[in-house]
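Asker: make a model of this:
(chains A and B)
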Amino acid sequence: MSAADRARDLLGRLVRASAFERFLISASALLLSVFIGALIILGAGRMTDCSTAAYTIAVPGQFVTQFVGGGSVFAMGFCYDPFAVYDLLFLGALGDVLSNPLNSQFATTIAETTILMFTGVAVAVAFRADIFNIGVQGQLVVGALTTGVVLTFLAPPLAGLGVLATAVLLPLGLLLGGVAGGAFAAIPGALKAYADANEVITTIMLNFVATSIALFLVSREDYFKDPESFASQTVPLPDVALFPSFLFRPRDDVSVLALAFALVVLVGTWYLLQHTPFGYDLRTSGLQPDAAEYGGVDADRTIVSSMTLSGALAGVGGAVYVLMVLGNFQTGVPDYGFDGITVSILAGNNPLGVGFAAFLFGVLKSGSIVVQVGSDVPPTLVGVLRGLIILFVAMPEFFRMMGKKFGSFDRPGEPVTADGATGGGSDE
Amino acid sequence: MSDWLPGGPDRSVAAYTYDWLFADRGRVQQAVIAVALAAVLGLVAAGVVAPQSNAGRLFHVLTDSSTLAATLRLSVPIAFAALGGIFAEKSGVINIGLEGLLIIAAFTGIWTTDVTGSVWYGLLGGVVASTLLAGLFAVVCIEFRADQIIAGLAVWLIALGLAPFLSSVVYGSKNTTSVDTFPTLPEMGIPFLSDAVTVPLPVVGVAPAELPFFGALFDASPPVYLMLLAVVLSWYALHRTAFGRWVEASGENPKALDTAGVSVHRVRYVAVLLSGVLAGVGGAALALGIGQFTGNGPTMVNGKGFIAIVAYLFGNYHPVGALGSTMLFAGLDATQLTLQARDVFQVPTELVRTIPYVTVIVVLALFGRTRLPSAAGEHYESGEDE
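Answerer: Have a look, this model is predicted:
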C-alpha cells in the first residue's frame, strides 16, 4: 500500500467520519428539539384551562401506586399530553400507511415533502456558496404568481388538446416559475456582489415586497383577480395544465410525477455541485473566497449565479405548488421558504440529504393538521420546533461537549461548522 | 463663527454641511443625496406656493402634527431594537434575532398586562421574556460557538412560532384580546408635568401639546420618552464609560481586552443581554401602544427588527445616528399610513406599504458599506479556558 493510497484512505475515513458526525448532530438536535417541545407543550398546558388533566406527572407515579397502594406524594396535572401530541404529529401524518399507502393524510405528507424538497435545495445551494438566502419564501411566491398568472392566459386556448397540452403547459409552467424566481433572487445577489449589501437583510425585505406585490395583483379585478371569487386568487387553471395524479385520488392534490421530478432535481443539483466546474467554483467560493478568487473564480459573478440558481429552484417549487396543490395562485402562501431553511440546515446543506430532511418536515407539516383536528394543541407548535431545530443544529459544539463528557463521541475529525462545510479542506 | 466645527472657525456652516453631505462619497451616493435634497426643497416650495397641488397636499400631510406623532410611535420598537443591536454587534456578536426578541416581548407584554392589569408590569414582562431569549442566544453563541447568523435566525423563527402558539393556547386565536394601552403624557396626571404641557405658554398663547408640528413631542406616551432617554443613556454608556470601551474592544480587538484582564465572554454576555432588555422594551411598547398582539403571518412586528439592523448600520453604530435613520424609516411608514387614512392620492395601498422595505434595500445598497467591528461574528476563546 503506497503512501498515496494510505493518505487517500485516511482522507476518506475523515470525510466519512465528519459526515457521520454531521448526521449524529442533526439527529441529536432533532431529539433535543422534540424534548424541549414536550416541555413547551407541558408549559402551555399549564397556561390554559381544562376540566380534566390530559397528562399527570406524579411522584410516585401511577405505575408504582397501583402495586404498592396509596396515593402520590406529589401530582401535577397538565391540559395537554405531549406523548399524545407527538403520536398525532409523527404517526398521524402517515395515516394507516401499511394497509393503505395511498390514504389522503399520507398524500398530504408527500405533497408537502415535494415542495419542501425544492425550497430546501434552494437554500442549500446558496448556503454552499456561503450566501444566506432567507428570501426563498419570496422567490417561491414570485414563481408561483408568475406561473399562475401567465398560464391563465396560455392554458385555456390549448385545453382541447388533451395530453399534448399537458406536455407543453406543464414544462412551460415550471420554466416560468424558475425564471421568475431566479430573476427575483438575482436582485439581492447583484446587490451583495456589486454593492456589498448584506443578503440576509435584502432577501428578508424582498419577502415583504413579494407578498405585497402578489396581494396587489390578485386582489384587484383590474389585474388578475378571479371575478367570481371573494378570495384573493387567480382564475382556476384547466386540469390539462396541472400535474396529473396517477396513483393518488385527484382530490388529494398530490402527484407522483411531481415527486419524481423533485427527486431528479435533487440528484441533478447534487451532480451540479459536486461534479461540474460551476459547482466547484460555487463550493470553493463558499469555503475559501480568497483562495477561490486567487484561483481565477470571478467571485461577484459566482454570487449572482448561485443566488439566481437558488431562486430558480425556489421558483420551480412555487410553480409545483400552483400546478400540483392549488390549481391557481392564492395569497397566503404557507411558510415553505422558512421551513426550507430548516430542511437545508438539518441536511447539512447536502442536496441528497435534503430529500430525507424534507420528508421529515413533510411529516411535521402534515401532522400538524392531524394535531389541529385531533387535539386542542395549536398546530403552530411545528413553527416552534422549526426554530428549535435550527438553533440546536447551529451549535454542534454543544453536542461535541456532551459527547466528550460521556466519552462516546471524541473521534478525531475536522470540526463541522453549522453551514455544513467542514472546517478544513476536506470537503466531500 | 462656530469654531466647534471641524475645519476651524473660518469655515461657514454651509461649507461644513456641503462637506458632510457630499465629500468622500461616490457618484451614485452624491446623485441620490442631491435628488433627495431637491425633492425636499421642492415639497417645501410646493407647500408654500401651491398648497392645492398634489405635492402641496403631501407637504401638509408631512408637516401635520399627527405625522410626527405617528413617526415617534412607530420609531419606538425600531429604535429600541437598534440600540440593542448596537451593543451586541459592537461587542462582536451580530444579533440578527432582534425581530424574534421584539415578537416575544410583544406577546408577553400583552399577556402580562392581561394577567396583572397594569401596562407597566406588562412592559416588565416583555423585557423579561426578551432578555431570557437573548440569554439563550448568548449561551448558544458564546458558550457553544454557534454560527451567529444561523442562531439569530433560529431566535427569530422560535419567536415567530412560539408567540402565535402561546396566543392560541391562552386566547384561542393567534390574536390576543385587547388590553389597556399606555396613556399619553397629558392623560397621565403627573402633578406638575401633565399640567405644564396642556396650559398655554405665556408668549405664544398655545399649550405645548397643541403646537403645530412639535406638539406631538409633548403629547406622546411614556415609551416615546423612554426611547429618547435610552438613546442618550446608550450614547453615554458607549462613549463615556469604561463599559463602553470594553464593548468596543471586545468587538475590535478581543485579545487586547483579554490581555488587559477583562473577560471577553462576560462583556459579550452583558452586551447581548442588554440587547434583549432594550428590544424587550421596544417589543412590549409596540404591542401595548395598540393594546393587542396580532400573530398572523409575520406577526405585528412585521420586519421591524430587521429594519432596526439597517437603521443602526446606516447610523454607523452611533445611538443618535441610529435614532435619526429610525425616524427616517418610521417617518416613511407614518406618511404611508396617513396617506392611506386620508385618501389623499389614489395609490394602491399594497404597493405603498412596500415603500419602507424598498427604502431599506436602497439605503443598504447605497450606504451599506459600514465597517463592521473587526471581530464581529467571530468566536473568541481565551487561551486560559482550554
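Asker: could you check how far B:Ala13 is from B:Ile96?
Answerer: Quick fix: residue B:13 is Val, not Ala. For B:Val13, the distance to B:Ile96 (Cβ to Cβ, to the nearest Å) stands at 39 Å. C-betas here are computed from N, CA, C, even on glycine.
Asker: neighbour count: those two, which is higher?
Answerer: More neighbours surround B:Ile96 than the other of B:Val13 and B:Ile96, with 29 against 10 (other Cβ atoms under 10 Å in any protein chain shown).
Asker: average pLDDT for stretch A:150-168?
Answerer: Here stretch A:150-168 scores 86 as its mean pLDDT.
Asker: can you count the residues close to B:Thr359?
Answerer: Neighbours of B:Thr359 under the rule other Cβ under 10 Å: 17.
Asker: let me fix that, I meant to ask about A:Leu91.
Answerer: By other Cβ under 10 Å, 14 other residues sit near A:Leu91.
Asker: contacting residues for it?
Answerer: A:Leu91 is in contact with A:Gly367, counting by Cβ atoms under 8 Å, 6 or more residues apart in numbering or on different chains.
Asker: so in the chain, where's the weakest helix or strand by average pLDDT?
Answerer: Since no chain was named, I'll use chain A. Lowest by mean pLDDT, DSSP states H and E among the helices and strands of chain A is helix A:62-68, with a mean of 63.
Asker: hmm, I had chain B in mind actually
Answerer: Result, chain B / mean pLDDT, DSSP H and E: helix B:193-198, a mean of 70.
Asker: center of the chain, which residue is that?
Answerer: I went with chain A, as the question did not name one. With distances taken as Cα atoms, centre = their mean, A:Gly340 lies nearest the centre of chain A, 2.7 Å away.
Asker: correction: the question concerned chain B.
Answerer: Judging by Cα atoms, centre = their mean, chain B has its centre closest to B:Ala79, at 1.5 Å.
Asker: quick one, phi psi at that residue?
Answerer: phi -60, psi -40 (degrees, to the nearest 10).
Asker: wait, doesn't it sit right on B:Gly321?
Answerer: No: because the distance of 11.3 Å does not satisfy Cβ atoms under 8 Å, B:Ala79 is recorded as not touching B:Gly321.
Asker: check what pLDDT residue 15 gets.
Answerer: No chain in the question, so chain A it is. Value for A:Val15, per-residue pLDDT: 54.
Asker: the chain in question should be chain B.
Answerer: B:Ala15 carries a pLDDT value of 78.
Asker: surely A:Val297 meets A:Ser285?
Answerer: Yes: between A:Val297 and A:Ser285 there is a contact under Cβ under 8 Å: 5.5 Å.
Asker: residue contacts, the residue nearest to the centre of chain A?
Answerer: Going by Cβ under 8 Å, 6+ apart, the list of residues near A:Gly340 reads A:Leu116, A:Phe118, A:Thr119, A:Gly120, A:Ala122, A:Val123, A:Val136, A:Ala314, A:Gly317.
Asker: chain B: which of those residues is nearest?
Answerer: The shortest gap between chain B and any of the contacts of A:Gly340 belongs to A:Val123, at 10.9 Å (Cβ to the nearest Cβ).
Asker: can you pull the contacts of the closest one?
Answerer: Contacts of A:Val123 by Cβ under 8 Å, 6+ apart are A:Asn133, A:Val136, A:Ser310, A:Gly340, A:Ile341, A:Val343, A:Ser344, A:Ile345, A:Asn349.
Asker: just the buried residues of the residues you listed.
Answerer: A:Asn133, A:Val136, A:Ser310, A:Gly340, A:Ile341, A:Val343, A:Ser344, A:Ile345, A:Asn349 (16 or more other Cβ atoms under 10 Å in any protein chain shown).
Asker: please report the distance of the last one from chain B.
Answerer: Think A:Asn349. Plainly put, A:Asn349 is 11 Å away from chain B if you go by Cβ to the nearest Cβ, to the nearest Å.
Asker: elements contacting the one helix or strand B:Ile149 maps to?
Answerer: Per DSSP states H and E, B:Ile149 falls inside helix B:148-171. Applying 3 or more Cβ pairs under 8 Å, 6 or more residues apart in numbering or on different chains; DSSP states H and E, one finds that helix B:148-171 makes contact with helix A:3-47, helix A:336-346, helix A:381-393, helix B:98-116, helix B:119-138.
Asker: Serialize those helices to a markdown table and add fields for distance to B:Arg73.
Answerer: Below are the helices and strands packed on helix B:148-171 laid out as a markdown table (distance: least, Cβ to Cβ, whole Å):
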| stretch | distance to B:Arg73 |
| --- | --- |
| helix A:3-47 | 30 |
| helix A:336-346 | 29 |
| helix A:381-393 | 29 |
| helix B:98-116 | 14 |
| helix B:119-138 | 15 |
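Asker: related to what we said a few turns ago, for the buried ones among the contacts of A:Val123, work out which two are farthest apart.
Answerer: Spatially, the most separated pair among those is A:Ser310 and A:Ile345, at 14.5 Å (Cβ to Cβ).
Asker: assess the claim that A:Ala93 and A:Ala111 are in contact.
Answerer: No: taking contacts as Cβ under 8 Å, A:Ala93 lies outside contact range of A:Ala111: 11.5 Å.
Asker: mutual contacts of those two, please.
Answerer: With Cβ under 8 Å, 6+ apart, A:Ala93 and A:Ala111 have common neighbours A:Gly362.
Asker: give me the residues contacting stretch A:216-232.
Answerer: Outside stretch A:216-232, the residues within contact range by Cβ under 8 Å, 6+ apart are A:145, A:149, A:152, A:215, A:233-236, A:328-331, B:348, B:350-351.
Asker: among those, who's most crowded?
Answerer: Busiest of those [other Cβ under 10 Å] is A:Leu145, holding 30 neighbours.
Asker: the helix or strand harbouring that residue and chain B, are they touching?
Answerer: Per DSSP H and E, A:Leu145 falls inside helix A:136-158. No: Helix A:136-158 is not in contact with chain B by Cβ under 8 Å from any Cβ of the partner chain; minimum separation 10.0 Å.
Asker: which secondary structure elements does that helix sit against?
Answerer: Using 3+ Cβ pairs under 8 Å, 6+ apart: helix A:136-158 touches helix A:104-128, helix A:163-195, helix A:199-218, helix A:299-320, helix A:336-346.
Asker: show me which residues of the stretch 301-428 of chain A are close to chain B?
Answerer: Checking the stretch 301-428 of chain A against chain B by Cβ under 8 Å from any Cβ, the hits are A:332, A:338, A:341-342, A:345, A:377-378, A:380-388, A:390-391, A:393-395, A:397-398, A:401, A:417-419.
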